[in-house]
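*Asks:* My questions concern the predicted model and sequence given below.
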Amino acid sequence: WTADNAASLNIKFVTHLGDLVNHAATASEWNNAHSAMATLDNAGMPYGTCVGNHDILYPGDYYDPAGVNYLGKFSPAKYAGKPWFGGASPSGLSNYQIISVNGREFLFLHLLIETPPQELAWAQEILNANQEKATWVSTHRYLFDWMVLGAGRYDEFNYTFEAPYRHDGIPADTFFHNFVAPNRQIYMVYCGHN
């Protein structure tokens, strides 16, 4: 749909919010994800992807914190030569894109779930080098709406119901106060998961 309607609806960019697969250890799911996203590649659509919990940890005790399976299909090398691809963190699990729309450049940051400090330090370097660009941040787990569970309340940053997925990650409130709030160029944080 996106590829078919890009021209008529003036779609400039697509962001994937993570969980490209349901089971991180299943090769056929990674092949399906790669084929699905190839629709955008073939249409010449700029896009970015985030790593979600299902991409590194699911189900049971399978844990791939280095994102080996993700990088097997969505490594920075896949986007080499794309004019909109800015680069990736040293781990390859976070990335950024720069898109020009009507003469104005926009920065899109795609950050690893529960972004660990070293990934966030890399992201801060990208922001520092691009301070004049309005920035959209995509990540996987950021806000949680308890209302969908019928709990009768809304908590932005809550880990009681669901523990963190990365032992080296930072909680969403720390992410907000130490990264989002101080960087005034960030105009939106978009997330998946819930």
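*Replies:* Received, thanks. On a predicted model such as this, the values are computed, not experimentally measured, just so you know.
*Asks:* Next, the nearest residue to Ile98 once chain neighbours are set aside: phi, psi?
*Replies:* For Ile98, ignoring the flanking residues on the chain, the nearest one in space by Cβ to Cβ, 6 or more residues apart in numbering is Gly86 at 5.2 Å. For every residue, glycine as well, the C-beta is placed using N, CA and C. Dihedral pair for Gly86: phi -90, psi -40, per degrees, to the nearest 10.
*Asks:* repeat for Phe106
*Replies:* When read as degrees, to the nearest 10, the backbone of Phe106 gives phi -120, psi 140.
*Asks:* residue contacts, it?
*Replies:* 13, 98-100, 133-136 (Cβ atoms under 8 Å, 6 or more residues apart in numbering).
*Asks:* hang on, isn't the residue nearest to Ile98 packed against Ala129?
*Replies:* No - applying Cβ atoms under 8 Å, one finds Gly86 not in contact with Ala129, separated by 9.5 Å.
*Asks:* after the helix or strand of the chain with the lowest mean pLDDT, next one along is what?
*Replies:* Every helix and strand of the chain was ranked by mean pLDDT, DSSP states H and E. The lowest is helix 172-175, at a mean of 89. Counting by DSSP states H and E, the next helix or strand C-terminal to helix 172-175 is strand 186-191.
*Asks:* buried set for that following strand?
*Replies:* Of all the residues in strand 186-191, those buried under the rule 16 or more other Cβ atoms under 10 Å are 186, 189, 191.
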